[in-house]
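J.: requesting a structural model of the entry that follows:
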Amino acid sequence: PKSLSGKEIYYLTRNMIAILLFLEGKQVGWEKIEDEIEKIFKIKPEKIKEKVFDEKIFARRYKEIYNKTSNLILKNASKQKQAY
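T.: Residues are numbered from 1 along each chain as shown. Down below sits the predicted model:
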C-alpha cells in the first residue's frame, strides 16, 4: 500500500469491514466498523488515516480478512444461485 495515502487505506479497510460484518449478519454502523477495525488490526483507525503502522503486518492481516470476505461473498453467491 505504499502508493496509497492513509485516508485511502482507511477507506478501503472500512468498506471491507462493513461488508464482512454485513455478511456475518452483524450490526453495521460507523462505531461498530471502527471497533472491528481496531479489534482486527490492533491499531486505532486514526493511525491508519495517518499511515502510522507496520505496513507488512497490516498488509498480511488485510489479505487474511480480504480472503475471508471474498470467500463469504462466493459462499453467499452460490446459495443465491441454488435458490433460483
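
J.: longest helix anywhere in the chain?
T.: helix 55-83 (DSSP state H).

J.: next one: Leu21 from Ser3, what distance?
T.: Using C-beta to C-beta, to the nearest Å, Leu21 is found at 27 Å from Ser3. All C-beta atoms are positioned from the backbone trio N, CA, C, and that covers glycine.

J.: got it, and Phe53?
T.: Taking C-beta to C-beta, one finds Phe53 at 16 Å from Ser3.

J.: okay, Lys2: pLDDT?
T.: pLDDT for Lys2: 73.

J.: need the pLDDT of Lys75.
T.: Lys75 is assigned a predicted lDDT (pLDDT) of 89.

J.: okay, now it: neighbour count?
T.: 11 (other C-beta atoms under 10 Å).

J.: with Ile43 instead?
T.: Neighbour tally, Ile43, other C-beta under 10 Å: 16.

J.: now swap in Ile37 and tell me
T.: By the measure other C-beta under 10 Å, the count of residues near Ile37 is 21.

J.: right, and it touches Ala18 too?
T.: No: using C-beta atoms under 8 Å as the test, Ile37 is too far from Ala18 to be in contact (9.9 Å).
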